[in-house]
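**Q** Based on what follows, work out the 3D shape:
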Amino acid sequence: MAFSINTNVGAMVALQTLNSTNKALETTQSRINTGLKVASTKDDSGTYAIAQSLRADVGGLNAVRTSLDRAQSTLDVAISAAESISDVLVQMKEKATAASDEGMDQASREALQDDFNKLSEQLASYINSAEFNGTNILKSGGADLKALLNADDSTQTISVGNLKLNDGTDGALKEFVGVDVNDATKAAALEAKWIDTDAAGDPVIPPAVPDKTAAENARASADKVNAAIDEMKSVLSTLGSASRQISAQQEFTTKLTDTIEAGIGNLVDADLAKESARLQALQTKQQLGLQALAIANQAPQTILSLFR
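**A** Alright, predicted model coming up:
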């Protein structure tokens with residue numbers, strides 16, 4: 001073995017090995033700290049690019065899920081209001097049917113009429129309150145409900161058109177609620193009047209012969225309620241079908257998001273058990289490297305002993 005005071009090959013080799021160990025140790029510590037084996041494009045450009053693309057997909061799916069959640073909440077509010085309206089109509093039918101009894105005295109019929117009209121007023125309140133985040137799909141003039149289905153194509157949507165229950169032409173509740181649900185004058189014009197009337201609908205004072213008796217007018221109100229109940233069946237069916245569709249899409253979007261996130265994890269997540277074991281091995285290797293470097297640095301001292 002040749003001795004040289006200019007070059008300490010052993011120390012150089014030991015230092016190179018120690019530097020390599022320190023670099024590997026730094027990488028392992030970074031993986032443990034971040035939980036990622038690919039935290040930057042410097043670690044693995046190809047894998048990092050794929051992971052970033054998948055993260056963008058997850059971001060789009062999160063936007064779709066937010067849109068679906070908003071739509072579901074809007075539908076939930078509309079369904080709650082529609083079911084309440086249906087319940088009120090059932091009560092109104094009971095009042096009108098009872099008042100159509102020819103043998104009922106007028107005082108009792110008028111009491112039922114008052115109950116009927118008060119129930120009718122609730123319909124407007126339910127329509128007006130069926131709003132979520134500025135969207136009311138029951139009220140005439142309100143916006144349609146739309147929700148995203150595809151993050152990459154905004155034209156793919158779930159849509160529920162405005163059901164305009166209080167529309168004056170074909171609204172399910174046109175006989176009981178004015179187009180403007182807040183217009184008390186129009187609402188009053190739609191109130192039931194279970195009294196004897198002439199052909200023009202004006203009250204008849206005995207002994208004049210009425211064109212329609214009070215009982216017949218009550219029966220006409222019952223017929224209107226029946227028609228409204230039939231139309232509300234269609235409304236509830238539409239709302240229920242849309243709600244089920246959105247729920248299914250929410251479930252699919254959640255599963256797809258979870259699958260993609262798991263895929264990203266497989267690409268970039270570090271195996272912490274493996275990295276922990278590697279950390280201990282590298283720390284031991286680092287200590288041995290330091291000792292080897294110290295021993296190598298003592299070699300030049302051997303040359304001095306030759307001159308003693």
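
**Q** From now on I want contacts and neighbour counts done on CA atoms only, so please keep to that.
**A** OK.

**Q** Okay, now the unreliable bits of this structure?
**A** 1-7, 179-189, 198-202, 204-211, 299-300, 302-308 (pLDDT under 70).

**Q** How are the helices of it distributed by residue range?
**A** Ranges of helices within the chain are 9-34, 45-99, 106-129, 184-189, 214-268, 272-297, 299-305, based on DSSP state H.

**Q** Any chance of TSV for the ones you listed, columns distance to Lys146 and mean neighbour count?
**A** Conversion of the helices of the chain to TSV gives the following (distance: least, CA to CA, whole Å; neighbours: other CA atoms under 10 Å):
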stretch	distance to Lys146	mean neighbour count
helix 9-34	40	16
helix 45-99	7	18
helix 106-129	19	18
helix 184-189	31	14
helix 214-268	10	17
helix 272-297	44	15
helix 299-305	80	12
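
**Q** Of all the ones you listed, which one comes closest to Ile195?
**A** Shortest distance between Ile195 and the helices of the chain, using CA to CA, is found for helix 214-268: 4.0 Å.

**Q** Counting by contacts, list what that closest one packs against.
**A** If you count contacts as 3 or more CA pairs under 8 Å, 6 or more residues apart in numbering; DSSP states H and E, helix 214-268 packs onto helix 45-99.

**Q** Using a markdown table, lay out the helices of the chain together with distance to Gly178.
**A** Rendered in a markdown table, the data for the helices of the chain read as follows (distance: least, CA to CA, whole Å):
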| stretch | distance to Gly178 |
| --- | --- |
| helix 9-34 | 62 |
| helix 45-99 | 15 |
| helix 106-129 | 8 |
| helix 184-189 | 6 |
| helix 214-268 | 14 |
| helix 272-297 | 67 |
| helix 299-305 | 104 |
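
**Q** Which one of these lies nearest to Gly161?
**A** Closest among these, once you apply CA to CA, is helix 214-268, at 9.7 Å.

**Q** can you tell me which of the helices of the chain comes nearest to Asp153?
**A** Between Asp153 and the helices of the chain, the tightest spacing by CA to CA is seen for helix 45-99, at 10.4 Å.

**Q** List of residues touching the longest strand seen in the chain?
**A** For the chain, the longest strand by residue count, based on DSSP state E, is strand 153-160. Residues lying outside strand 153-160 but in contact with it, judged by CA atoms under 8 Å, 6 or more residues apart in numbering, are 137, 144-150, 242, 246.

**Q** For these, work out which two are farthest apart.
**A** Maximum pairwise distance among the contacts of strand 153-160 (CA to CA): 22.7 Å, between Ile137 and Asn150.

**Q** circling back to that earlier point, angle of the longest strand of the chain against helix 214-268?
**A** Using axes from the mean of the first three to the mean of the last three CA atoms, to 10 degrees, the inter-axis angle of strand 153-160 relative to helix 214-268 is 150 degrees.

**Q** OK, contacts around the residue nearest to the spatial centre of the chain?
**A** In the chain, the centroid-proximal residue (CA atoms, centre = their mean) is Asp69; its distance is 1.1 Å. Asp69 is in contact with Gln250, counting by CA under 8 Å, 6+ apart.

**Q** Would you check how far apart it and Arg31 are?
**A** To Arg31, Asp69 is 36 Å away according to CA to CA, to the nearest Å.

**Q** Distance check, the closest residue to Ala214 other than its chain neighbours against Arg219.
**A** Excluding the flanking residues, the one nearest Ala214 by CA to CA, 6 or more residues apart in numbering is Ile195, at 4.0 Å. Here Ile195 is placed at a distance of 12 Å from Arg219 (CA to CA).

**Q** got it, and Gln91?
**A** On the measure of CA to CA, Gln91 and Arg219 end up 15 Å apart.

**Q** Compare Ile137 and Asn150 and say which is more crowded by neighbours.
**A** For Ile137 versus Asn150, the count of surrounding residues by other CA atoms under 10 Å is larger for Ile137: 26 against 16.

**Q** dump the residue contacts of the closest residue to the more buried one other than its chain neighbours.
**A** Closest residue in space to Ile137, ignoring its immediate chain neighbours: Asn162 at 4.5 Å, by CA to CA, 6+ apart. Asn162 makes contact with 136-145 under the criterion CA under 8 Å, 6+ apart.

**Q** quick one, phi/psi of Asn162?
**A** phi -60, psi 130 (degrees, to the nearest 10).

**Q** Next one: it from Ala78, what distance?
**A** Taking CA to CA as the criterion, Asn162 is separated from Ala78 by 11 Å.

**Q** so what sits against both of those two?
**A** The contact lists of Asn162 and Ala78 share 136-138, where a contact means CA under 8 Å, 6+ apart.
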